[in-house]
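>>> Structure for this input, please:
(one chain, ligands or ions: 1)
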Amino acid sequence: MNQTINVDQLNSALTSLRTLRSSVSHVFETLSNGLRADHGEDGKDKFLSELQELLNNVNINVRDLEQTVNSLPIPTAPFNLGNTTFLSQDTTQDRQALYTQLVNSYKWTDKIHEYSSFAYTLLNQNSLKRSNINSATKRRGKMQSNHNVAPLQVDNVINNIGRSYNDMKITISRPFASNAVVQINLSHVLKAVVAFKGLLMEWVMVKGYGETLDLWTESRHNVFRKVTENAHAAMLHFYSPMIPELAVRSFMTWLHSYVNLFSDPCKRCGCHLHHTSMLPPAWRDFRSLEPFHDECKQ
Ligand SMILES: [Zn+2]
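Residues are numbered from 1 along each chain as shown. As a prediction, the model looks like this:
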């Protein structure tokens, strides 16, 4: 290490730091004592001018400290213990204790140096980004792999789910190149279309059994517009980029529970039609799959 530390400079910097601290504590001391007897008649003015003088002193001392610190060289590398290592070989007990302290403070300086250089690199890279670069790229990598699942694998997953229901028919088409669009016919109750990207669900539209189905036109019936809205909530709720199969399966199970849309009453109020909206229970609990009116869910 070709870094030389001027001990005199360091010493004078420490001295001016000490002077500054003492003048600051003097300010607080005077302030906490408040008006004193020796301030006399017009005590308030005297007190204020005394305080001002003390603050001026603080200002001068800050300037002094700044000057002395600016003249100090900036350390470029961790400090070297140098000859102080020989302290450990000293036979006197109390000097050996000194050595342990020295090593500890050396470790601290070393750590601070290491951490601050890490922080410096990270902050430099991430000046405008809130999240850590590494985790962001990792997450993106994972998502991409789920977007790029082979069509055959997507077909297998969806067909497997379809086979487990007798009253829910699932058909896959690919009108937009490789990404699947899945049509679901649930008994004689409703139809739904789900757009996939790889194995991730991207869009849902629910319509009545008699309506024509496409991705973008809403149902003309209030109740199916409500179910579409809730299906979007479900899609987001079950969203799981790490285990996309599970998300699709959970969503289909949830959607299947609408088979009783027009037959089962609301779990909360016990009615088929809600007394104000006059709609059947268009909400299904994500866990229990129990039917509720939108107005009755908690
Ligand atoms: Zn209800």
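>>> Lowest-scoring secondary structure element of this protein by mean pLDDT?
Here the helix or strand of the chain ranked lowest by mean pLDDT, DSSP states H and E is helix 133-147, holding a mean of 48.
>>> So for whatever helix or strand comes next after that helix, what gets flagged as buried?
Heading C-terminal from helix 133-147, the first helix or strand you meet, by DSSP states H and E, is helix 151-163. By neighbour count on 16 or more other Cβ atoms under 10 Å, the buried set for helix 151-163 is 154, 157-158, 161-162. C-beta coordinates here come from the backbone N, C-alpha and C atoms, glycine included.
>>> Return the residues in contact with the residue nearest to residue 178 when sequence neighbours are not counted.
Among residues not flanking residue 178 along the chain, residue 151 sits closest, at 5.6 Å (Cβ to Cβ, 6 or more residues apart in numbering). For residue 151, the contacting residues are 174, 178, 180, by Cβ atoms under 8 Å, 6 or more residues apart in numbering.
>>> Contact residues of this structure facing the ion?
266, 268-269, 293, 296 (Cβ under 5 Å from the ion).
>>> Show me which of the residues you listed are buried.
Listed as buried from the residues of the chain next to the ion are 266, 293, 296; burial here means 16+ other Cβ under 10 Å.
>>> Tell me where the stretch 151-298 of the chain has helices.
Using DSSP state H, counting those that start in this stretch, the helices of the stretch 151-298 of the chain run over 151-163, 222-238, 244-256.
>>> how about the ones you listed in JSON lines, adding mean pLDDT?
Compiled in JSON lines, the helices of the stretch 151-298 of the chain are given as follows (pLDDT from 0 to 100):
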{"stretch": "helix 151-163", "mean pLDDT": "93"}
{"stretch": "helix 222-238", "mean pLDDT": "95"}
{"stretch": "helix 244-256", "mean pLDDT": "95"}
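>>> Who's the closest spatial neighbour of residue 231, skipping the chain neighbours?
residue 204 (4.4 Å).
>>> For burial, what's the neighbour tally of the one you found?
For residue 204, the neighbour count with other Cβ atoms under 10 Å is 22.
>>> ok, now residue 61?
Around residue 61 there are 19 residues (other Cβ under 10 Å).
>>> Same question for residue 7.
Residues near residue 7, counting by other Cβ under 10 Å: 8.
>>> Quick check, pLDDT for it.
Looking at residue 7, its pLDDT reads 82.
>>> Please tell me how far it sits from residue 21.
21 Å (Cβ to Cβ, to the nearest Å).
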